[in-house]
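Colleague: need a structure here:
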Amino acid sequence: MEGIQNRTPTTDHFVITKELALSSDITLACWCPTMDLCAVVSDGQLYLHRMDWQLLWAVSPEAQITTVCWRPDGKELAAGDSQGGISILNVESGDLVAKHKVHYAALACLSWADQADCGATSSIQQQTSQLNSSHSIKQQQQQLFSAAHSIAPHQRFKRLFVPPILEPHPPSSSEPLPDPYDLSMDATGAAAWPEERQGFSLLAAADVRGRISLWQQGQVQVAEMSGTSCSTSSSVDAGPVKVLNVVLNSHLSQIYTINSSPAGTLSVLAHSLGVLQRQQEPLVQCTSLFMQLQTLFKAVVKCVEVCWQDWSSAMADFRKKFHTQLKQELADQGSSVTEPQLELMLLLATGTCTAPLQSFLGSTLSEAGLRRLARGLDSTAGGVHTALLERVMPLAELVLFLLGELRGCVACAAAAAGHQATAAEGSCWMGLKVELLQQLQLHAAALLLRCEQLRRCVTNAACQYRAFFTWLLKVVRQLEGQREDGDDNNDAGTPLPVGLAVTSFLKEQFMHDLIGAELSGKPLTPDAQQRADAAFYQGINSPTAHKLLALLLPGCCNSNDSSSSSWQHAAASLITAATAPAGLHATTIERIDGIAAG
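Modeller: As a prediction, the model looks like this:
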C-alpha cells in the first residue's frame, strides 16, 4: 500500500496518435467493439471512419440521430433518432437493413448484447455429465438420438430445399441460368444459404419518456416495458422521470436503467427478463424464420424490379415505333385512318398496304429495324419467363414452406406455455397468432398461383409478338420485292395462316400491356382489372381456385363456404403484391412485421 501511495502520477499512459481539425462539431461518437471503426454523428449526418479517419461511408437520416450502438460482432450499427425510429445499418455498405418505429418520443439510448457462452457451455457440460452418469447403454443411446440432438425444427428447410439464388438474373442476358438440380447441399458462394446469426441477442431501445423496447437480433420486437419505477409516481407534478442509459447484463437475464428524477437524483433500476429466458428457444426459432422470410421477400422484390425495368424498356421501344411514329406518319400524310391498330387490322384483313404504312415499314422502320425490335422483345420475354420460373417461383415456394414452419413453431410454443385457444383470438403466443399466420399462408399460396399464371401469360404474349413480327417481316419483304420489280400495286398479298394469332394480338396485347401492368404494381382501372382477371384466370375460375387452396391448406380456408370470398380477398390483396415491389412489401412483409411486433 505504501508503494502505491508513494507512486508519483504520470501522464504518459495516453498518447495522442492523431489530431484533426474538423469543420463541424461532433454530436455523437461510438467505437466499434471488434474493429478499428468509429461511428460519428456530425452536422446531421452519420459517418463511418477508420482509426486513421478514412471515411468509409456517410448517410443522411430523415431525423436527427440521438444515439448509436454497435452490434456485438461489429457487423451492424443501430441508430436511434429524435422521432423514435430505430435504423439498423450494414457496416460494410451503409445500406439500411431494417427500420423500426414503435416509439413516439426521441430515443435516449441503445444497448445491444449477446448472451454469454458460459450458460450454453454449462448446459452442455450438464447434459454430458448426465449422459455419463447413466449406467445403461440403451439409455445413453436414447438420449443421444433424442429430438434435442436432431436438426433444429426451424432449419428443416435446408434439408428439403436447394439454396436459393437471391441475386436477380438480368432477364435480357444471354448467360444461361445454372441448373438448380446440379447444386449440392454443401454449396458455397452465390448458391449457399444466407448467413444468419444464431443464439439469443437483444437490442434494447429506451426513449426519453422511459419506454423500453427489446428486439431479438435487432429485427423482431419481443418485449416492451417501462424503465421508470412506480415509486417515482409521486413526483409527477415536478416532472417526469427520464431514462439516461440502459444496459443489458451478459446473461440477458436482467436489464438495468439509469434514471434521473426532476429533483436531480439518479437511480439504478434492475428489471428481470425471466419471461424471455423461459421462452428463449422458441423466440430464437421464430426470429430465425422471420429473418429468412425477410431475406426471401427482398430477393423477390429485387428480381421483380429487374424484370419490370427490362420489360418496360422493351415496351417503350415498341410503343415509340408503332404507337408514336406510325401515328405521326399517318397524320402527316393525311390518312383517313389515324389509329395504328386500325391501319394494321386493315392490312391484315385486305392485304392492302396504304402509302403511309408502306412508307413507315420501308423507310422509317425498315427490315433491319424490325428485326432488331423483334429480337429485343423476344429476348426480354424469354428473360422474364426465365426469371419467374427460376427465381420468383422457387422463392415463393420457400416462403410458403417457411410460413408453415413459423406457424408450427408458434402453435407448439403456445401449447408448451399452456395458452388456451379462444374463439375470439384463437391460439396466440408472444403476440403471434396462429390464425393470422394461416391467412398469410393462404396469401402465399395465392401469390404462387399468381406467379404461375403470369409465367403462362408471358409465354402467350411472347408467341403473339413473334407471330406479329413474322407477319410484318413477310409484308416488308413482299413490298421490297414489288419495288424491285417496278410494280406499283400495293397489294401485300393474302393474310398468312398466323392471321388469327395476329388478330388476337392486335385486339389485346397491342393496345393493353397486361404483363407490364402486372409487373409494375400500379393501381389498375376497372377495365384494366377486368382484362387482367380474364387473362390471369384462364382455365381456372375463382371457385375452383378456392377449392384447390382448401385442399392444399385445409386450415386456412373455410370449407363450409362454397363462395369465393376468401380467394377473392386473397387475390385482391395480391393483384399487385404478386409481382409488385411496393405491393408485396405492403401486404406481406408489414403483416408479418406487425404480427411479430404483437
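
Colleague: The stretch 51-200 of the chain: strands as residue ranges?
Modeller: With DSSP state E, counting those that start in this stretch as the criterion, the stretch 51-200 of the chain has strands at 55-59, 65-70, 76-81, 85-90, 96-101, 107-114.

Colleague: between the ones you listed, which gets the lowest average pLDDT?
Modeller: Mean pLDDT values for the strands of the stretch 51-200 of the chain show the minimum at strand 96-101, a mean of 88.

Colleague: Pull up the pairing partners for that strand, direction included.
Modeller: strand 85-90 (antiparallel) (DSSP bridges).

Colleague: neighbouring contacts of the strand it pairs with?
Modeller: 46, 59, 61-63, 75-81, 95-103, 107, 110, 203, 205, 215, 218-219 (CB atoms under 8 Å, 6 or more residues apart in numbering). Backbone N, C-alpha and C define where each C-beta goes, glycine included.

Colleague: now with 6 Å?
Modeller: Counting contacts by CB atoms under 6 Å, 6 or more residues apart in numbering, the residues outside strand 85-90 that touch it are E76, L77, A78, A79, G80, V97, A98, K99, H100, K101, A205, G218.

Colleague: got a winner among those residues for most neighbours?
Modeller: The residue in the contacts of strand 85-90 with the most neighbours, by other CB atoms under 10 Å, is A205 (28 neighbours).

Colleague: ok, now how distant is the nearest residue to S504 once chain neighbours are set aside from L388?
Modeller: Sequence neighbours aside, Q464 is the residue nearest to S504 in space, at 6.6 Å (criterion: CB to CB, 6 or more residues apart in numbering). With the distance defined as CB to CB, to the nearest Å, Q464 ends up 18 Å from L388.

Colleague: that older thread, okay, the contacts of strand 85-90 in CSV with distance to K302 next?
Modeller: CSV is the format used below for these (distance: CB to CB, whole Å):
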residue, distance to K302
E76, 20
L77, 23
A78, 24
A79, 24
G80, 28
V97, 14
A98, 16
K99, 17
H100, 22
K101, 23
A205, 28
G218, 22
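
Colleague: can you tell me which of these lies nearest to F290?
Modeller: Minimum separation from F290 among the contacts of strand 85-90 (CB to CB) is found for A98, which lies at 10.9 Å.

Colleague: The nearest residue to the closest one once chain neighbours are set aside and L55, how far apart?
Modeller: Once its chain neighbours are removed from consideration, A98 has its nearest residue in I88; the separation is 4.3 Å (CB to CB, 6+ apart). In this structure, I88 and L55 are 21 Å apart, going by CB to CB.

Colleague: Neighbour count: those two, which is higher?
Modeller: In this view I88 and L55 are compared by other CB under 10 Å, and I88 has more residues nearby, 21 against 10.

Colleague: Quick check: bridge partners of the more buried one?
Modeller: When bridges are taken as DSSP bridges, the partners of I88 come out as A78, A98.

Colleague: Using a markdown table, please lay out the strands of the stretch 51-200 of the chain together with distance to V304.
Modeller: As requested, the strands of the stretch 51-200 of the chain are exported to a markdown table (distance: least, CB to CB, whole Å):
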| stretch | distance to V304 |
| --- | --- |
| strand 55-59 | 26 |
| strand 65-70 | 32 |
| strand 76-81 | 26 |
| strand 85-90 | 22 |
| strand 96-101 | 20 |
| strand 107-114 | 33 |
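
Colleague: so which of those strands comes closest to S312?
Modeller: Between S312 and the strands of the stretch 51-200 of the chain, the shortest gap by CB to CB is with strand 96-101, which sits at 25.5 Å.

Colleague: and that closest one with strand 76-81, angle?
Modeller: Relative orientation of strand 96-101 with respect to strand 76-81: 30 degrees, computed using axes from the mean of the first three to the mean of the last three CA atoms, to 10 degrees.

Colleague: Dump strand 96-101 to CSV, restricted to CA.
Modeller: This file holds the C-alpha atoms of strand 96-101, laid out as CSV (Å, rounded to 0.1, in the frame of the first residue of the first chain):
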residue,chain,number,x,y,z
LEU,A,96,-30.4,0.1,-44.4
VAL,A,97,-31.1,-3.4,-43.2
ALA,A,98,-34.3,-2.7,-41.1
LYS,A,99,-36.3,0.3,-39.9
HIS,A,100,-38.4,0.1,-36.7
LYS,A,101,-40.9,2.7,-35.5
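
Colleague: what angle do it and strand 55-59 make?
Modeller: Computed with the same axes, to 10 degrees, the direction of strand 96-101 lies at 40 degrees from that of strand 55-59.

Colleague: now what about strand 96-101, what contacts it?
Modeller: Contacts for strand 96-101 (CB under 6 Å, 6+ apart): G85, I86, S87, I88, N90, Q219.

Colleague: Filter these down to the buried ones.
Modeller: Neighbour counting by 16 or more other CB atoms under 10 Å classes G85, I86, S87, I88, Q219 among the contacts of strand 96-101 as buried.

Colleague: from these, which is closest to S267?
Modeller: I86 (25.3 Å).

Colleague: leaving aside the residues next to it on the chain, what's closest to the closest one?
Modeller: Counting by CB to CB, 6+ apart, the nearest residue to I86 once its immediate chain neighbours are dropped is H100, at 4.2 Å.
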